[in-house]
Every structure is written in C-alpha cells, then in structure tokens.
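[1] I would like the atomic coordinates for the input below:
(chains A and B)
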Protein chains: 2
Amino acid sequence: MKPILEVAESFGISEKYLELYGHYKSKLDLSLCSDLQNRPNGKLVLVTAMNPTPAGEGKTLTTIGLAQSLNAIGEPTIAALREPSLGPCFGMKGGATGSNKAQIMPSEDINLHFTGDLHAITSAHNLLSAMIDNHIFQGNALQIDPGQILWKRAMDMNDRSLRQIVVSLGDGNGNVHESGFMITTASEVMAVLCLSENLDDLKSRLGRMIVAYTITGEPVTALQIGAVDAMTVLLKDAIKPNMVQTAEGTPAIVHGGPFANIAHGCSSVIGTKTALKLANIVVTEAGFGADLGAEKFFDIKCRQAGLVPSAAVLVVTVKALKYNGGVPKAEVEKPNTEALKAGLANMRRHLENIGKFSVPVMVAINHFTSDTNEELQLVSEECQKLGIKAEISDVWAEGSQGGLKMAQTLRDILQQGMSRFTPLYPEDMEIKAKIETIVKEIYRGGGVQFSAKAAAKIAEFERQGFGRLPVCMAKTPYSFSDQPRLLGAPEGFIVQVKDVTLSAGAGFVVALTGNIVTMPGLPKAPAAEHIYLDEDGEVAGLL
Amino acid sequence: MKPILEVAESFGISEKYLELYGHYKSKLDLSLCSDLQNRPNGKLVLVTAMNPTPAGEGKTLTTIGLAQSLNAIGEPTIAALREPSLGPCFGMKGGATGSNKAQIMPSEDINLHFTGDLHAITSAHNLLSAMIDNHIFQGNALQIDPGQILWKRAMDMNDRSLRQIVVSLGDGNGNVHESGFMITTASEVMAVLCLSENLDDLKSRLGRMIVAYTITGEPVTALQIGAVDAMTVLLKDAIKPNMVQTAEGTPAIVHGGPFANIAHGCSSVIGTKTALKLANIVVTEAGFGADLGAEKFFDIKCRQAGLVPSAAVLVVTVKALKYNGGVPKAEVEKPNTEALKAGLANMRRHLENIGKFSVPVMVAINHFTSDTNEELQLVSEECQKLGIKAEISDVWAEGSQGGLKMAQTLRDILQQGMSRFTPLYPEDMEIKAKIETIVKEIYRGGGVQFSAKAAAKIAEFERQGFGRLPVCMAKTPYSFSDQPRLLGAPEGFIVQVKDVTLSAGAGFVVALTGNIVTMPGLPKAPAAEHIYLDEDGEVAGLL
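    Residues are numbered from 1 along each chain as shown, chains lettered A, B, ... in the order given. Model prediction:
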C-alpha cells in the first residue's frame, strides 16, 4: 500500500483536505467538493448485475477491477463504493471489499470499524430512540401515541433476538411497549446520510424523518423531538467521504452503505460528487441485481442528486446464468450449456431494462475457473446478437491487466456520449402508478396487488403531501418477481405490495413485497468462530 | 494545539509508534511499552477526592492541571485519564475532559466518538450477546439455561427504556427471555480491557468471563461460546492507548473508562504502564471519592498490575466540605464556617484511610470563586494540625501557574520516597472478610449484613475457586455508608450487601449495596437539545 497522502496527491488532492486515520485511510473534508465546484464533472459509470446466485456475482470486485483497468489505460478513474457493515462479517457473508487483485485496502480495517461511520450512525439513531421514549416518559407534551412509535433502534450486529422486543419493563422505566432493533445499514439515518448534499441538507432531512404518530394521528418528526442538532453533531465526521486505495493504488471513495431492499443501496451522493470532480471517470455500484440496484440508482439517487450517468456495466457470470436457467446452486460449477442458454433470458431483460433509462450498457463477464470456453463463447455470441459489447473480466486473477479490454470498450462507449439519461417515471405520477410502472416495465409482471393496509397508507401519504416522492421497492433480489424461486425471465406474475412505509427524510416511499428482514441472524456456525488475530497481530479468517 | 506528533516527540516517542487519528489524536502502538521495558518507571501519583457534592469536585481537572504544573516546574509528567462515555454527554453530565485552562483537547472529539474505543467495546460486547442467544437457538449444545443468561447487552447511550426488556418475540426469533442493556462503561469488556497487560492477557480474560449457567448450574464462559477471538479482533485497536494533549501541550494518555461502582473506575493498565516508561511522573485518577476510587485503585488495579503508587493527592473543595457538614446542595456557595468545620471530618477520614495503604498523601484545595479566605484558611489549618501538606489549586483559572505550589509540594513528597504501598487485605482472605475489612477499615461501619442470596453466591464463588479475587464495592459515592444522605464521617452503620456478582474476566467479585443503575436515563431537558454545530462547523453546547 502507498501512503494515502500519496494516493490523494496523485489525484491533485492537497493535504489540507485530508483527515488521516492512520497511514492508509483518510476522510476528505467537505470543503474539497465545494472548492472544486467550477471544475467539470467526470463521467459516471454504474456497475450493476444480473440476478445473482446466493454467492453474489462480483459486482464490487468488478467495480474495483474496472477502475484499476481504466487507470491502466490512462484514464484517471476513482471507484465510489459502499462501505461494509460490521455485523454480517461475523455471520456468513464475509467482507465487502472485493478480493485478491481487485480489492480495496486495508480490507480488514474497512470491514471492521473503518473510520467509525457506522458507529456514528448507530449512535445518532439510538439517541433519537432514547429521546422519543424520554419525551413520553417526561410528560409527553407532543401527545405521542406509545403504540404508534415507528422509530426503532439500531445495532451493527446480526442478532435475531433483538428483532422484536418489549422495552421499559420494571419500575420507573417508562411505558411498556414493543420495539425492536434493525441492523444499522437499514436505519433511515444511513439512507439520509447517503442522499445528503451537505451538512445543511443532512440536518433538514434528519428533521423530516417521521418517528411516531400522535394520539390524533398526526406525524411526529425528529425535529419536533429536538434531536436533530445533536444527531448532526454525532454525524459531523461520518458525512465526510472516506478515501482508501485498491490493491493497485487506485483511489477509492468508500462511503455509506444503505440496505438495498428497504433503502436505495447506493454509496453516498457526497462521495460520488467529490469523485466526479477529481477523476475523468467514476465507477460506482448499486446493491443487488439491476432490477433493484440500477432502478433505484437511476430513479432515486441520480434523480435526487441531479447526477447523469454516462454508461452502465452489467456483470454476468456463467454460474448465475446457469442458476437462472434452472440449475441448482450446488451444480452451477458443472458445464451445462442448455441451462446457460435458458439463463441468458435473465441477462437480456436486464440489458433491455437499462435501455429504458436511455443509458448505454456493456456486459462484463466475471470469469471463474469453472467456466468453459464454450460457455463463455455462448455469452459473447448472445451479446453480439443483441448489439451489446461484452468483455471477459479477469480482474480477480490479474488485476488491471485482466480488465484492459473491458476498460477500452467502456472508454469507447463513453466517448460516443450516447447517454440520454431519463428516470423511468415522472415525480408527479401517483405512488400506485409509480409502483405499477416499475413492476410492468422493469420486472415485467402482469400487475400489482395492494393490500388494503398498503392502499390506505399510500392514500394517507399522498394526503400528507408525500405523493411526489420516488418509490423504493423492497423485493427479493433473486427474481424479477416477488418470489425468490421464480428465476430466469418470468412474466405475468402479480406483485403483492403488502405494506408501505415512508422514509420522509431519505425522500422515498418503501413498497414492501414479502417479508423483509431488517435484522439478520447468525448461522449455525458463525464466521465469528473463525476470525482471529494471528501471531503478528494481523486479522485472519475475515473473508 | 500542537500537532500530536510534536507532543509525542517531546517525550521521546518516535513517529513509528503513532497511529494518527487526524492531527491531534493518536493511538500508541503496543510495542512502545514493550520496547521500553528496560527503562526505569516514573513515579505514579493518584489523584482522588473526598465525598463529593452532586456537581463533582474537579478530580479530572486537578489531575490535568497538576500534570501541567509539574511540567512547568521541570518534571516531565504525563496525565493518565479515563476516556469519557458518549451517552452521558447527551444527558446532563456534560463532558469529562476538565475545563478552561486545565482541560484535554480536542475536547469535543474526546467526548464524542474519540478513536472509537467505546464503540469497539460495544460491538465486542454485543457480538458475545448475539452468539449466546444464537448458540441456544441453533441447538444449545452447551445446555445453557435460558433463564440463567447473565450476559446482557450494551449501548453507549442513556436509555432507560432498555434497562429491562424481553427479547426474541415473534416467530423464528428464538426463545423469549428477559434481557436488558447496560451503558458500555458498565460492560465487563470495559473492565477487562482496562486491566489487561497485553493482547494475550485480554484474550485470556475475555475467555474467563462467565456469561450464563447451564441447566445443571455450571458456569458457561465466553471461551465456550467461541466468541473470544472475534472479540479480540474487534478490540485490537481499542486496547492501544490514546494520546492527546492538555491546553498547555502536556501529553495525556486517555484510555478506558469503566464504571466506578460495579467496576473499578480506573483508566487502563496499559496506558498507565506506557506513561510510566515515558515520564518522570504520571498523574492518574480514579472514579468517585477515595472510599471507592482510591480503595479500588490500590486493591484492584495496583494489586493486579503490580503497580506501586508513590503518592496520592486528595482533592477537596470548600463546597463539598460544607455539603458534608450538612449544608443543602443549593447553599454550598454561601459562606458557612461552622458547616465547613463539621465537614472537615470527611476529609480527615479519607486522609487517614490513604495512610492505611502506606502511601503518602497531600491535599489539593480546588479553588472556586465562591470560597472565602477564612474558609480556605480553615482547611489549611486543619491539614497543618494533621501534619498533611495542603495547597490551593487554581489550575482552572490559571493553568499550570495556578498549581506551581501544589506541584512543588508533591515533588518534595515524591523525593522523600515514603511510599510503602500495601493493599488493604491479602488475596487469601475469604470474600466476606474482605468486604468486612473494607467496611470497617475504610467506611468505618459497624459491620456487614449479607442477604441470604449474597451469602449463598459468595459460598458458590469460593467453591468454584474465585475466593482469591479482590472485591469491588458497588456503593453510593456520596457517603462512606450505603446511604447517600449519611454525609460527613458517619460511624457504626451496617452495610447491606444485597447481592454479589462475579466478574471473572476482570478479576473481581462485585458486592452490591443498594440499587446500582447500570443504564442511566435522560433528564426532562436532555443536554442533547442544546448541542449543535455552529456556523463554522464546530461543536457547541457540549459542556
């Protein structure tokens, strides 16, 4: 690793904008982006993916590798990534920093406490929780209905026992009521931080968050609780983007990591905008497959922040194609051209979908050693038929050298300047129509069934003036539909919207299809049992 | 502020041992202390206090000021302090970094997230909690009795609603059982971290922590849960001492902050030992008055770590003397020589008590503007009668210049080399006898009444082989007795030991007298409502 000071200087960032956390991590002062406001923006590229196998398809890996390869062909490029959550590292997920020759470093630090952003968000979230219950305890001047406290608590840990709890038992501890914990990445504070343009915007958004209803049914905001200024103080450093480097010394801005189901799943707006002022090209990612990740990136993040993406890269793998073609998870490493051909329907649909946003797209085939040449050839041929450029990416094994063609192809696309980015639906469409548009245009479902509860809440949100907000779909990432086992390119299914919630600070309405778990549990053999400090004091076992 | 690099260099610490967190905060690598092991130790001075008013008597302030003054008279001195907890800053306590000309800086950072130690401890604590419940959920191979889970959860926030909760409600979330949160400073992980000599010791201690009992009544440890290595990974940076500076550029090692009731209330052993290798004199503090703080510092921290204190400084204030002489809190600023004379009994007893550890002691009168000359004179005269040196400390108003006499007097005492430090009781005394010894020798009570539960648990702890551990008294800090309103120098009272708990990792048995709240609540008007970022982005309202 190079000192991060050196990495920053190579992109023209003066030392005065850096706040070092050791030699290899730094926060970037918020004044950096504003001081550079007259510079032209670089080009923004989204890395997204087809519907994945449960092992994931290497979206973060490809984002990192692609940024390295672009630098290698002479295009100053920065990767803008989500920062990992601590909890899942101890469950079964492993880290979220890429791997081998396409990773960000120091990966253990980034996966663990990093620069403390997640902890700050947890603290800000729980300060608000404590102040709400304390408000009620101390006389309840706002007349909050204790049965209508929407704001729960947050912890960056996988702990299923905390999903649903009863609090305030015992003498003198307040009104007994139900509560629960979500993992910190699911907190609206995280989504707010990631969508904020600056400290003032952060404060306004925090203030708009709806935390409860009064006994007469009126919403109560965080502003009314009096928590917003103190929360902003807790978040004053967390809002600053973090800079680290890839295995090849490419700068990476790693900042913010909201859930990709109940939130929008993208790294921070401030991080992206800062990167765009510093580099010719910024490569970023969005959570889950393109049906969720790309749609939310375009319709929520880009729309709110006024970002114009120049191109998208769809990551596919031979394994995921076979999985979507009907092969069970355990057998995706076995050659199976028939299943692969069937699975290509999934890729095709994602490519068509990205076209609906008028953003040019290419395919990156993330190469695994189990892939046969015949299989790889089939994917390439299919793309050729569709008029889509496709390149094999070997960035895992070879770093930038494994992605040179991918980088050149992407550069060609960018040079053509074909993006005419347009969100999928206009702001002033009704909420139900927005959901129906996403379901029909992107998922290709036959329609949407709203539960009575969801319909009533949507009507209420519109009455309260939230009708113009974009929609954030909370859906399984494994299928275009709301049924995880309906793989490939299903059609005609009906999506069930069981409930809706309002993230008034983040600025979206969440449509819940199926049961979305916002607090993961630990598996039978948690990864934590195999994580240790080795004899040299280095972290081992954290994958 | 000077760059912390410069502060460290002035005490001969090479840059290679520093891990910077911005320009003004640094962690010190653990190799620093071991690389210096052949250097002689400096002299260790404990700053303690008489029984306080609820506003506190300025122990931290005096510790910081005294370190500055010792440097001013040419004695290289480091202050070794506890690090503040985040939660209480939003309640009513304000920060814990001294103030005005005797404070540590950057005080807002230190009071808020600092270098993330408290967050790391919270995470390690809650990982263990999650793994215990997950162990039971996944089949309970250890046959843990779900009604006998001793290990609760931790959060660095004041939230009374979390004191007593029921977890695992809902489908698929495990066995419903009672749990609760304590504030992070009350976690045994904090006490363990503060008493550990190094990473190996940390691991062993974490492993010994008893988290539950089996259905056959056998203790279950964190080691058996399989959490210890991952917890150590989470704590790998938190165990490194933090260095900051005082308002005059004196180095301060600010590390660890365990509760002073259910734990021992002292900053970390590693921090203290590192400071002793770097300075002629190390000034440190212990929580609450000398009846709790000094006794635990001597009998727990110094005994376990093999530290030999050279002197103690007892902080007294005219206000606290009057308060102990019977004046109500609201009137302690009014002159009242009669009450002051009565209150001197409290000071006298603390001075005698410190003598029982064969450590020389002096008095520092922390000067407030409301003190009259006559009052100050009375305190000095009383000390003279007792053959104890006393000096007025004006470090709040004048920094080092306000403590020159105090520093010179302390240096004289140190030069005489009078310390023959001995703990109050031997290790092999029975637990009940240890408690009785503290009550009779230090508190001057008539005796101890053990509840049936406490007596049975003590017998059980001794049967399990924990009889040699020192005792950690959990008692009100306002009185020598277990009754907060029994001020001055009461005698003959009976102390009720209602319960005992075992901190097998920290290495002490906690004797609980009265109700000890391990999770504070927020007051009617929380400080959080007045904390904000000002126009320059600086934290305001955090006192």
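[2] Ignoring the adjacent residues along the chain, who's closest to residue A:458?
    Taking C-beta to C-beta, 6 or more residues apart in numbering or on different chains, and ignoring the residues beside it in sequence, residue A:458 has residue A:431 as its nearest neighbour in space, at 4.9 Å. Every residue, glycine included, has its C-beta placed from N, CA and C.
[3] Pretty sure the one you found sits against residue A:462.
    Yes: with contact defined as C-beta atoms under 8 Å, residue A:431 counts as touching residue A:462 (6.3 Å).
[4] out of these two, which sits in the busier spot?
    When residue A:431 is set against residue A:462 and neighbours are counted by other C-beta atoms under 10 Å in any protein chain shown, the residue ahead is residue A:431, at 24 against 16.
[5] which ones are touching that one?
    Applying C-beta atoms under 8 Å, 6 or more residues apart in numbering or on different chains, we find residue A:431 in contact with A:458, A:461-462, A:467, A:469, A:471, A:500, A:509.
[6] where's the residue in the stretch 251-400 of chain A positioned nearest to chain B relative to residue A:198, distance?
    Nearest residue of the stretch 251-400 of chain A to chain B (C-beta to the nearest C-beta) works out as residue A:270 at 14.4 Å. Remark: distance between residue A:270 and residue A:198 (C-beta to C-beta, to the nearest Å) = 7 Å.
[7] Who has more neighbours out of the two?
    Residue environment comparison for residue A:270 versus residue A:198 gives the larger neighbour count to residue A:270, 28 against 14, counting by other C-beta under 10 Å.
[8] For that one, which non-adjacent residue is spatially closest?
    Closest residue to residue A:270 apart from its sequence neighbours, by C-beta to C-beta, 6+ apart: residue A:241 at 5.7 Å.
[9] Same check on residue A:532?
    In space, residue A:532 comes closest to residue B:229 once its chain neighbours are excluded; the distance is 3.7 Å by C-beta to C-beta, 6+ apart.
[10] just checking, that neighbour touches residue A:533?
    Yes: between residue B:229 and residue A:533 a contact is recorded at 7.1 Å, counting by C-beta under 8 Å.
[11] on that earlier part again, tell me which element the residue of the stretch 251-400 of chain A closest to chain B falls in.
    Using DSSP states H and E, residue A:270 sits within helix A:269-278.
[12] ok, now which ones touch the residue nearest to residue A:270?
    Residues near residue A:241 by C-beta under 8 Å, 6+ apart: A:27-28, A:253, A:255, A:268, A:270-271, A:274-275.
[13] What subset of those is buried?
    Buried by 16 or more other C-beta atoms under 10 Å in any protein chain shown: A:27-28, A:253, A:255, A:268, A:270-271, A:274-275, out of the contacts of residue A:241.
[14] Return the distance of the residue nearest in space to the middle of chain A relative to residue A:295.
    Here the mean C-alpha position of chain A is nearest to the C-alpha of residue A:265 (C-alpha atoms, centre = their mean), at a distance of 2.0 Å. The spacing between residue A:265 and residue A:295, counted by C-beta to C-beta, is 10 Å.
[15] Show the secondary-structure elements that the one helix or strand residue A:194 maps to is packed against.
    Per DSSP H and E: residue A:194 is located in helix A:188-195. Counting contacts by 3 or more C-beta pairs under 8 Å, 6 or more residues apart in numbering or on different chains; DSSP states H and E, the secondary-structure elements packed against helix A:188-195 are helix A:117-137, helix A:199-208.
[16] what's the average pLDDT for the shortest one?
    Averaged across helix A:199-208, the pLDDT comes to 98.
[17] So which bits of the stretch 401-543 of chain A are right by chain B?
    Counting by C-beta under 8 Å from any C-beta of the partner chain, the residues of the stretch 401-543 of chain A lying close to chain B are A:521-524, A:526, A:528-529, A:531-533, A:537, A:539, A:541-542.
[18] where do the helices sit along the stretch 1-150 of chain A?
    If DSSP state H, counting those that start in this stretch is used as the criterion, the helices of the stretch 1-150 of chain A fall at A:4-10, A:30-35, A:59-72, A:86-89, A:107-111, A:117-137.
[19] Packed most tightly, which of those would that be?
    The highest mean neighbour count among those, using mean count of other C-beta atoms under 10 Å in any protein chain shown, belongs to helix A:59-72: a mean of 29.
[20] CA-only coordinates of it in CSV, if you can.
    Output for helix A:59-72, consisting of C-alpha atoms alone and laid out as CSV, is shown next (Å, rounded to 0.1, in the frame of the first residue of the first chain):
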residue,chain,number,x,y,z
LYS,A,59,-20.1,-6.6,-8.6
THR,A,60,-17.8,-4.9,-6.1
LEU,A,61,-14.9,-6.8,-7.4
THR,A,62,-15.7,-5.7,-11.0
THR,A,63,-16.1,-2.1,-9.9
ILE,A,64,-12.7,-2.1,-8.3
GLY,A,65,-11.0,-4.0,-11.1
LEU,A,66,-12.6,-1.8,-13.7
ALA,A,67,-11.4,1.3,-12.0
GLN,A,68,-7.9,-0.2,-11.9
SER,A,69,-8.0,-1.1,-15.6
LEU,A,70,-9.2,2.4,-16.6
ASN,A,71,-6.3,3.9,-14.8
ALA,A,72,-4.0,1.4,-16.6
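[21] Ignoring the adjacent residues along the chain, who's closest to residue A:60?
    Nearest-residue entry for residue A:60: residue A:98, 5.1 Å, with adjacent residues in sequence omitted and distances by C-beta to C-beta, 6+ apart.
[22] what about residue A:153, distance to residue B:179?
    Per C-beta to C-beta, residue A:153 is found 13 Å from residue B:179.
[23] Give me the contact list for stretch A:203-219.
    For stretch A:203-219, the surrounding residues in contact (C-beta under 8 Å, 6+ apart) are A:124, A:128, A:132, A:142-145, A:148-151, A:188-189, A:192, A:195-196, A:220-223, A:225, A:227-229, A:231-232, A:464, A:502-507.
[24] Narrow those to those in strands?
    Assigned to strands by DSSP state E, the following of the contacts of stretch A:203-219 qualify: A:144-145, A:148-149, A:220-221, A:502-503.
[25] And the furthest pair within those residues?
    Looking at those by C-beta to C-beta, the two members farthest from one another are A:145 and A:503, with 20.2 Å of separation.
[26] Tell me which of those two has more neighbours.
    For residue A:145 versus residue A:503, neighbours defined as other C-beta under 10 Å are more numerous around residue A:503 (24 against 17).
[27] What is the neighbour count of the residue nearest to that one when sequence neighbours are not counted?
    Spatially, and ignoring its direct neighbours in sequence, residue A:503 is nearest to residue A:188 (5.1 Å; C-beta to C-beta, 6+ apart). Neighbour count for residue A:188, taken as other C-beta under 10 Å: 32.
[28] likewise residue A:446?
    The burial count assigned to residue A:446 is 12, neighbours taken as other C-beta under 10 Å.
[29] domain ranges for chain A?
    The record, using automatic domain parsing to delimit domains, assigns chain A the ranges A:4-116+A:238-416, A:117-235, A:431-513.
[30] Residue A:283: what's it in contact with?
    Remark: with contacts taken as C-beta under 8 Å, 6+ apart, residue A:283 is in contact with A:45, A:47, A:63, A:66-67, A:70, A:77-80, A:313.
[31] That one and residue B:353, how far apart?
    Distance, residue A:283 to residue B:353, using C-beta to C-beta: 67 Å.
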